[in-house]
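# Here you go, sequence then predicted model.
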Amino acid sequence: MNDDNPLTILVADDSATDRQILETIVARDGHRVISARDGREAVEAFERERPDLVLLDALMPNLDGFGAARRIKALAGESLVPIIFLTSLTDTDSLVQCLDAGGDDFLSKPYNRVILQAKIKSFNRMRAMHSTILDQRDQIGRHHEHLLQEQTVAKQVFDNIAHSGCLDSNNVKYFLSSLAVFNGDILVAGMRPSGSMMVLLGDFTGHGLPAAVGAIPLASTFYGMVHKGFTMTDILREINGKLKSILPVGIFCCATMVDINFQRQRIRVWNGGLPEGYIRRAGGDPPEPISSTHLPLGVLSNKDFRDDLQTLTLNWGDRLYLWSDGIHEARNPEGEMFGDERLKQVFLDNEDPQQLFDEILDRVQEFIGKGERNDDLSLVELLMDQPERVNAFAAEAERRSRSSLSEWSMNFDIQPSSFRAFDPMPLLLNILVEVPGLRQHSGKLYTIFSELYSNALEHGVLGLDSALKNTPEGFAQYYELRQARLDAVDKGYVRIHLHHSTDDDGGCLRVRVEDSGPGFQPDQDTTRHGLEQSGYSGRGLALVEKLCDAVRYMGEGNEVEAVFSWRIDV
């Protein structure tokens, strides 16, 4: 067995006869032998030769086997160098002393060759296993160090994305403490062009890297839409849809989103799964809870997602506090949770609102003590303050909003060569849904545009009579005739004019559609009662009038203007 893998074995015994017997037994099995006559020589030989196994007599001059064993084990360090004590001692205390000194086994005199060979083979297997474990440990350590380096770089990228907003504004205080390299909690804040501030605190399932996977798409979507002025419901729906599509089942984001309107001293709040926050009034009233009324982001499809918001009025100096569940689920060394009652008591005990943020953190840290945290900790304070004291952007938006409106116009002509193959609806809707505030009305806008365009093309340019659609046979004939005239048309146009303006409450979109046809005089009774008809025609204009604030017909009836007003959610 050992010819292929011989060991170097140190034999230390002050008896020349015993030493020779052991050397003979060991050498016959193919092992290399090093001899020592006492403990001191044994230690020197070990330092010089670094043997794989030591056969050590317990009682030797100069340095006994017990002292030599301790020094050899110290010199061996992490390496497993088995020490088998050679002893004629048989009392229990002496044998225990052999093991306490660092011995791994003992062999009683006189020596049994078979037992000695078995012990050497057994310890050789242990050495091989120990060496494998050390190699695997070192490999794991290298991989761990490499992983930490990669996570550190990734975290820098993550932090640059997640914290690129206005978290340094004067009205914001926050504390984020991660359990691992990555924080499963995310805090983002950005200013809308109107000067209001949007803040989102999220807590992904779990913690560390898996919990932070969804944070980058959340942050990039948030900042991309907030800076363009999209409404809170638009942003929530976009984030929810993105997380629903990319996150695996069981991973979602509990979140609270707040839109702070400094001009009107008003906030809108959406809470999906985070613990209830508190409003601390400057006047010292009891704290007002902001409870969760929705499911977390990434759980429901956008079809089932609820985006209704809670509206609250705040006075100057009022503060809103949000936190992740790591705060009230923080545990002391006895395993007891900090809990909602202790958290609420901090609010009731507070006498100076400016110190409340620090008092919450101090109370939680004091409660945890030397205990281990089991989740990320996040705490946010948002102060309702005057725009000029929040940050420069809010102050500038406040000045700008007093004297200007956002207004633009666009003309779009469709010529005969495009009638057959081009549908302008997707292009126009693509433009309009990029307008903050209009995205949530895309369904209504599509209906308005498609009805007005179809009416202009089919009845104006192509001269089709909608009365044909009063019967199923006429309905089929209508679309056969439509296709024939589309194939033959070589003149005419449909012209679409858009005019959009905004104010503090929302905006107004005016859509004017003009065609080259002879025009018509609409029947007021037909449009008024069109939705009540049971036939296949006469319903389009009635539907447009129902969706819009106003619809009027100009010229010869070949020009229609529809007015659609919308309101922002703040």
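Cool, got the structure. Residues are numbered from 1 along each chain as shown.
# which one is Tyr489 nearest to, not counting chain neighbours?
Check again: residue 489 is Val, not Tyr. Distances taken as Cβ to Cβ, 6 or more residues apart in numbering place Pro416 nearest to Val489, at 5.2 Å, with adjacent residues excluded. Where you see a C-beta, it was placed from the backbone N, CA and C, and this is true even at glycine.
# If you could redo that for Leu312, that was the one I meant.
Nearest one to Leu312, counting by Cβ to Cβ, 6+ apart, is Ile267 at 5.3 Å.
# Against Ala189, how distant is that neighbour?
13 Å (Cβ to Cβ, to the nearest Å).
# follow-up on the earlier one: correct me if wrong, but the residue nearest to Leu312 is in a helix.
No. Checked against DSSP: H, G, I helix; E, B strand; the rest coil, Ile267 lies outside a helix; its state is strand.
# and it, bridged to which residues?
With DSSP bridges as the criterion, Ile267 is bridged to Ile260, Leu312.
# can you tell me which helix or strand Arg234 belongs to?
No Arg there; residue 234 is Asp. Per DSSP states H and E: Asp234 is located in helix 232-246.
# residue contacts, Gly506?
Contacts for Gly506 (Cβ atoms under 8 Å, 6 or more residues apart in numbering) come out as Gly437, Ser565, Trp566, Arg567, Ile568.
# now do Gly284
When contacts are counted by Cβ under 8 Å, 6+ apart, Gly284 touches no other residue.
# for it, helix, strand, or coil?
For Gly284, the reduced secondary structure class is coil; criterion used: three-state DSSP.
# Can you tell me how far it is from Met337?
Counting by Cβ to Cβ, the gap between Gly284 and Met337 amounts to 28 Å.
# Do a quick rundown of the strands in the stretch 351-500 of the chain.
Shown for the stretch 351-500 of the chain, the strands assigned by DSSP state E, counting those that start in this stretch span residues 377-383, 407-414, 494-502.
# before we move on, the earlier item: and the residue nearest to Leu312, how far from Leu382?
For Ile267, the distance to Leu382 - Cβ to Cβ - is 8 Å.
# any residues in contact with both of the two?
Common neighbours of Ile267 and Leu382, counting by Cβ under 8 Å, 6+ apart, are Val258, Ile260, Leu320.
# Let's see if you can find the most crowded of those residues.
Neighbour tally across the shared contacts of Ile267 and Leu382 (other Cβ atoms under 10 Å): the maximum, 29 neighbours, falls on Ile260.
# what sits against that residue?
Taking Cβ under 8 Å, 6+ apart as the contact definition, Ile260 lies against Ser196, Met197, Met198, Val199, Ile267, Leu382, Met384.
# The fourth one pairs with what?
Going by DSSP bridges, Val199 is paired in beta bridges with Ala189, Val258.
# what's the neighbour count on it?
A count of neighbours around Val199, defined by other Cβ under 10 Å, yields 27.
# ok, it - contacts?
Val172, Leu187, Val188, Ala189, Met257, Val258, Ile260, Leu322, Val380, Leu382.
# any idea how far Leu297 is from Ala330?
Using Cβ to Cβ, which is the criterion applied here, Leu297 is 24 Å from Ala330.
# For whichever strand or helix holds Thr24, give the mean pLDDT please.
Following DSSP H and E, one finds Thr24 within helix 16-28. The average pLDDT within helix 16-28 is 90.
# for that helix, which positions count as buried?
By neighbour count on 16 or more other Cβ atoms under 10 Å, the buried set for helix 16-28 is Asp18, Arg19, Ile21, Leu22, Glu23, Ile25, Val26.
# ok, so of those, who is nearest Arg113?
The shortest separation between Arg113 and any of those is 5.3 Å, and it belongs to Ile25 (by Cβ to Cβ).
# for the protein, which spans come out with low pLDDT?
Counting by pLDDT under 70, the chain contains low-confidence ranges at 1-4, 150-151, 153-164, 178-183, 206-212, 370-375, 397-406, 504, 520-538, 568-570.
# quick one, domains of it?
If the domains of the chain are taken from automatic domain parsing, they occupy 8-133, 163-400, 407-567, with pieces of a single domain joined by a plus sign.
# so how far does the shortest one reach from one end to the other?
Between the start and the finish of domain 8-133 there is a gap of 21 Å, counting by Cα to Cα, to the nearest Å.
# Any idea how far that domain is from the middle of the chain?
Offset of domain 8-133 from its chain centre (Cα atoms, centre = their mean, to the nearest Å): 58 Å.
# Is it possible to get JSON lines of the domains of the chain that adds distance to Gln149?
Conversion of those to JSON lines gives the following (distance: least, Cβ to Cβ, whole Å):
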{"stretch": "domain 8-133", "distance to Gln149": "25"}
{"stretch": "domain 163-400", "distance to Gln149": "10"}
{"stretch": "domain 407-567", "distance to Gln149": "40"}
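# Quick check: which of the ones you listed is nearest to Leu148?
Of all these, domain 163-400 sits nearest to Leu148, with 6.8 Å by Cβ to Cβ.
# Next, count neighbours for Phe347.
17.
# Now for it: which residues touch it?
Applying Cβ under 8 Å, 6+ apart to Phe347 gives the contacts Tyr278, Arg280, Pro286, Pro287, Leu356.
# any idea which of those residues is closest to Asp423?
Checking the contacts of Phe347 against Asp423 by Cβ to Cβ gives Tyr278 as the nearest, at 51.8 Å.
# Am I right that the closest one sits in a helix?
No. Inclusion of Tyr278 in a helix is not indicated when three-state DSSP is applied; the result is strand.
# how about Gly326, secondary structure?
Taken by three-state DSSP, the conformation at Gly326 corresponds to helix.
# Likewise for Ser292?
Reducing the assignment at Ser292 to three states with three-state DSSP gives coil.
# Just give the nearest non-adjacent residue to it, would you?
Nearest-residue entry for Ser292: Asn271, 4.4 Å, with adjacent residues in sequence omitted and distances by Cβ to Cβ, 6+ apart.
# Next: Phe46.
The spatial neighbour of Phe46 that comes closest, neighbours along the chain excluded (Cβ to Cβ, 6+ apart), is Ile72 at 5.1 Å.
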